[in-house]
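Visitor: coords please:
(2 chains)
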Number of protein chains: 2
Amino acid sequence: MSELRTVRGMRDIMGPNMRVRDFLVKTAVEVFRLYGYEPLDSPVMELWETLSAKGGEEIETETFKFLDKGKREVGLRFDLTVPLARIVASNPHLPKPFKRYAVGKAWRYDRPQASRYREFMQADVDVIGSASPAADAEVVLVALEFARRTIEDNYVMKINNRKVLKGLIERAGVKDSLAHECFRAIDKLDKIGRDGVVDELKARGIGEDESKFLLDAIKLRGTGLNTLDEFRELLEGSEIGIEGVDELVQMAEIFDESGVGKLTEFDMSLARGLDYYTGAVFEARYLGQPSIGSIAGGGRYDALIERFGGQSTAATGISLGIDRIVDILLFRGLGEKLASQLDVFIAPIKQPMVKYAMKLRNELVKAGISCEVDLMERPLKKLLEQADAKNARFVVIIGARDQEKGEVSLRNMRTKETQQVSPDNLVSIILE
Amino acid sequence: MSELRTVRGMRDIMGPNMRVRDFLVKTAVEVFRLYGYEPLDSPVMELWETLSAKGGEEIETETFKFLDKGKREVGLRFDLTVPLARIVASNPHLPKPFKRYAVGKAWRYDRPQASRYREFMQADVDVIGSASPAADAEVVLVALEFARRTIEDNYVMKINNRKVLKGLIERAGVKDSLAHECFRAIDKLDKIGRDGVVDELKARGIGEDESKFLLDAIKLRGTGLNTLDEFRELLEGSEIGIEGVDELVQMAEIFDESGVGKLTEFDMSLARGLDYYTGAVFEARYLGQPSIGSIAGGGRYDALIERFGGQSTAATGISLGIDRIVDILLFRGLGEKLASQLDVFIAPIKQPMVKYAMKLRNELVKAGISCEVDLMERPLKKLLEQADAKNARFVVIIGARDQEKGEVSLRNMRTKETQQVSPDNLVSIILE
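Guide: Numbers count the residues shown, from 1 in each chain, chains lettered A, B, ... in the order given. This next block holds a predicted model:
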């Protein structure tokens, strides 16, 4: 056996895994199109000056970075937002709203662990050019419709707003310059617990009273407009905070009206680590087994396009973590349910029948019937096993005597019945 | 406008280009499945020891190669055959025949020029484990069925066999050790002409008489079994040469029987540069404008898996050059014909109607109707223009007064007629 391996943290995908991923990608694209998004593809590689324009300390450590032969620094993209921001920044005349979807791989030097891969697939929708909370609501609706068609249950879309968090920090009496540090610490609540967050905040120079206020506040979570009333009460007096709540109210009304209010939860502890979010933030969490956590996330990033040298442009979007959702559905056994299906396996008896088999197959394929012809010249018994392994519905057996009579044997693999039929009738019998 | 660019030789794909590529990928996958192939995906990156196992002088110069953070040499794959060979070599127990398809990008440091990109997309089918010329014929049939559904006309599949070429070299009296050098020179006939090939052969130490014999022989080309009779005559006395002709005869019989004989041409000048082919070789050429040349190519490579440390394994396959075919179909105007289509554009008059519009949209989407809701709060006239630009079939206008009456205005964008309808009837009217 060969010693050759994949690059560490990356994997080959085939069989059940591949079938589930194909199903998810197909469903995502279907949903994206139904909501009026159009496809965009970009190179897997970007100039380093583009990748680093996004900002954030992890970019340097987590990016697959190298010199190209022209000695320019380049790197593999770590998400699908950077290429989008570059394209929007350098094409100021794109008609707005620019609603694009992208499905593709991205790469990060993460520590390899369960459901975290160094090469992973994402499916993103973004709305460029609309400042309306309706656009934020729309990308969440897209993700929820995708989840309805795939995961079906056991998930919640957590929602918050960076303005709400800013208001909170204002009310807590923390300096504005510490806001991002605060968000980062808050964001770790689920991972490091209340005490952990207190320690992190302390280390960042935030006093005990302020910490206590913040930690009590971020317990606030719940579904629907009532929760947002509590948000409002807490933020009374902070202009930016109330602005954030008003935006969330608009989103909540849309969700309630669309019948998905119960799938959403307003959660004041949701910050999301990336420092470029400016308004709504959202993150879908899977609640079942295996415990995988976040399966989709995004938010509003009205200042990012400018950071890429473009005009100030409103933007919001969400990213579906396809590989993690594959793992959920594999765990539930979808890989087996999606077993590959073959309509017909053609078994020519002896080599001279092969060309006749190939001819028949071409006719079946043109009628949309999937069909495999034996290429191994195996005995019939072996071929029937092979057909079974491929879940073939029918086997067509072509012997020399059959062919002389202008017939083939058609075996129904479900009923195990075999009949002699004219090749001319094969298509109609099988499509029936 | 931003200064940020794509990496040299790579490009963003959107609009008509993207739609044509999506159409080609979808068609390829459809055809591959119909012929019983199953999908396989692998990382874009391979260890350098894997990439270099394939052999060939261009690999060092043409590969995007770099050190990962663990200081291991890695590189972006330059084709989809290398990952396949690695996987087969390290999984000796895969059931045979292993028929896989792969659609993905590959990267090469080519000089950027028309229809040659440093990042390009390929769609491959390969049959692993069958030594039969029927398997070679099958992958060609797959490519021809794809071409029938996409390019439709103006192409030819050129076919030859490395054994035929070996026989030819034997008959010419050239040393076996010079065979690969010979193939390389012959392969350039279309590019550098007869005199160019003579020069190349001379530089490689091949005498004038031998050169003359070879150059006369490689003029031999034509369709069907008659041409192969001429091949046979020329190679009389060379065992390996006759073996190659016999294999081509088996393929020709399958093509003739399948009704695609006229699309194939046996061409003794076809060598294909890669030195790992061991039997049949094939290359589809586009004959129309723009002059793009090769659009698909492949062949039998029975010795490659061993080179990757695996067991000796018969293998054959073909690769479709998706980007080049995109360029052909764009040139023919398919980009416009595939214009994006939207079923419904919903124009809520004033912000309070947005949530109602979103609700309606969710119902339409569930019924499979594609639908966009205005997110820009523009005046109605602008919205109708936007709906037109998106090729919307219908516009639904929601005013406050309509809503009170439990109605919406439905405008048919083809007939320009508007009617008042109940939202409950929207789905059925639009699906009609």
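
Visitor: over to residue A:255: give its phi and psi.
Guide: Main-chain torsions, residue A:255, degrees, to the nearest 10: phi -60, psi -50.

Visitor: check the residue nearest to it when sequence neighbours are not counted and give its pLDDT.
Guide: Excluding its sequence neighbours, the residue lying closest to residue A:255 (C-beta to C-beta, 6 or more residues apart in numbering or on different chains) is residue A:261, at 4.6 Å. Heads up, the C-betas are built off the backbone N, CA and C, glycines and all. According to the prediction, residue A:261 has pLDDT 96.

Visitor: now residue A:261: phi and psi?
Guide: Phi and psi for residue A:261, reported as degrees, to the nearest 10, are phi -50, psi -40.

Visitor: helices and strands around the helix or strand of chain A with the lowest mean pLDDT, which ones?
Guide: Least confident helix or strand of chain A, by mean pLDDT, DSSP states H and E, is helix A:179-187 with a mean of 81. In this structure, helix A:179-187 makes packing contacts with helix A:162-172, helix A:189-203, judged by 3 or more C-beta pairs under 8 Å, 6 or more residues apart in numbering or on different chains; DSSP states H and E.

Visitor: can you list the buried residues in the longest one?
Guide: So the one you mean is helix A:189-203. Counting neighbours by 16 or more other C-beta atoms under 10 Å in any protein chain shown, one finds that the buried residues in helix A:189-203 are A:189, A:197, A:198, A:200, A:201.

Visitor: returning to what we had before: residues contacting the residue nearest to residue A:255?
Guide: A:223, A:224, A:252, A:255 (C-beta atoms under 8 Å, 6 or more residues apart in numbering or on different chains).

Visitor: quick one: the residue nearest the centre of chain A and chain B, what's the gap?
Guide: Taking C-alpha atoms, centre = their mean, the centroid of chain A lies closest to residue A:320, which sits 2.7 Å from it. As judged by C-beta to the nearest C-beta, to the nearest Å, residue A:320 and chain B stand 16 Å apart.

Visitor: now for the helix or strand containing that residue, which elements pack on it?
Guide: Per DSSP states H and E, residue A:320 falls inside strand A:315-321. Packed against strand A:315-321 by the contact rule (3+ C-beta pairs under 8 Å, 6+ apart) you find helix A:81-90, strand A:119-128, helix A:133-150, strand A:293-300.

Visitor: let's see it at 6 Å
Guide: Strand A:315-321 is packed against strand A:119-128, helix A:133-150, strand A:293-300, with contacts defined by 3 or more C-beta pairs under 6 Å, 6 or more residues apart in numbering or on different chains; DSSP states H and E.

Visitor: just want the angle from that strand to strand A:293-300.
Guide: 170 degrees (axes from the mean of the first three to the mean of the last three C-alpha atoms, to 10 degrees).

Visitor: next structured bit after strand A:315-321?
Guide: helix A:322-331.

Visitor: thinking again about what came up before, Throw the helices and strands packed on helix A:179-187 into TSV and include mean pLDDT and distance to chain B, thanks.
Guide: What follows is those, written out as TSV (pLDDT from 0 to 100; distance: least, C-beta to the nearest C-beta, whole Å):
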stretch	mean pLDDT	distance to chain B
helix A:162-172	93	19
helix A:189-203	85	24
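
Visitor: so can I have JSON lines of the ones you listed showing distance to residue A:422?
Guide: Below are these laid out as JSON lines (distance: least, C-beta to C-beta, whole Å):
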{"stretch": "helix A:162-172", "distance to residue A:422": "70"}
{"stretch": "helix A:189-203", "distance to residue A:422": "66"}
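
Visitor: quick revisit: give me the distance between the strand holding residue A:320 and the centre of its chain.
Guide: Remark: strand A:315-321 is offset 9 Å from the chain centroid, using C-alpha atoms, centre = their mean, to the nearest Å.

Visitor: again with stretch A:80-92
Guide: What separates the centre of stretch A:80-92 from the centre of its chain is 20 Å, taken as C-alpha atoms, centre = their mean.

Visitor: same check, this time on stretch A:357-372
Guide: Worked out by C-alpha atoms, centre = their mean, stretch A:357-372 lies 35 Å from the chain centre.

Visitor: any part of stretch A:14-22 near chain B?
Guide: Yes - using C-beta under 6 Å from any C-beta of the partner chain, stretch A:14-22 reaches chain B at A:14, A:18.

Visitor: same question, stretch A:221-228
Guide: No - Stretch A:221-228 stays clear of chain B (C-beta under 6 Å from any C-beta), getting no nearer than 12.4 Å.

Visitor: who touches that stretch?
Guide: For stretch A:221-228, the external contacting residues (C-beta atoms under 6 Å, 6 or more residues apart in numbering or on different chains) are A:245, A:248, A:249, A:252, A:261, A:265, A:266, A:267.

Visitor: quick one: mean pLDDT for that stretch?
Guide: 96.

Visitor: pull out the buried positions in stretch A:62-70.
Guide: Neighbour counts over stretch A:62-70 (16+ other C-beta under 10 Å) mark A:62, A:63, A:64, A:65, A:66, A:68 as buried.

Visitor: got the end-to-end distance for that stretch?
Guide: By C-alpha to C-alpha, to the nearest Å, the extent of stretch A:62-70 from end to end equals 23 Å.

Visitor: got the residues of the stretch 201-350 of chain A near chain B?
Guide: Applying C-beta under 6 Å from any C-beta, one finds that the stretch 201-350 of chain A approaches chain B through A:253, A:254, A:257, A:258, A:308, A:309, A:310, A:340, A:342.

Visitor: mind picking the two most distant members of those residues?
Guide: A:309 and A:342 (52.4 Å; C-beta to C-beta).

Visitor: give me the phi and psi angles of the residue of the stretch 201-350 of chain A found nearest chain B.
Guide: Nearest to chain B, among the residues of the stretch 201-350 of chain A, is residue A:309, at 3.3 Å (C-beta to the nearest C-beta). Taking degrees, to the nearest 10, you get phi 90, psi 10 for the backbone angles of residue A:309.

Visitor: adjacent strands (with direction) for the strand holding residue A:320?
Guide: Pairing partners of strand A:315-321, with direction, according to DSSP bridges: strand A:119-128 (antiparallel), strand A:293-300 (antiparallel).

Visitor: and the angle from the shortest one to helix A:189-203?
Guide: With the same axes, to 10 degrees as the basis, strand A:293-300 and helix A:189-203 are set at 60 degrees to each other.

Visitor: what residue spans form the domains of chain A?
Guide: Per the record, chain A has its domains at A:7-153+A:287-337, A:155-276, A:340-431, by automatic domain parsing.

Visitor: sorry, back to before: by pLDDT, give me the weakest of the residues of the stretch 201-350 of chain A next to chain B.
Guide: residue A:340 (78).

Visitor: can you tell me the closest non-neighbouring residue to that residue?
Guide: residue B:38 (5.8 Å).

Visitor: now do residue A:394
Guide: residue A:344 (4.8 Å).

Visitor: on that earlier part again, more neighbours: residue A:309 and residue A:342, which one.
Guide: When residue A:309 and residue A:342 are compared on other C-beta atoms under 10 Å in any protein chain shown, the one with more neighbours turns out to be residue A:342, at 22 against 17.
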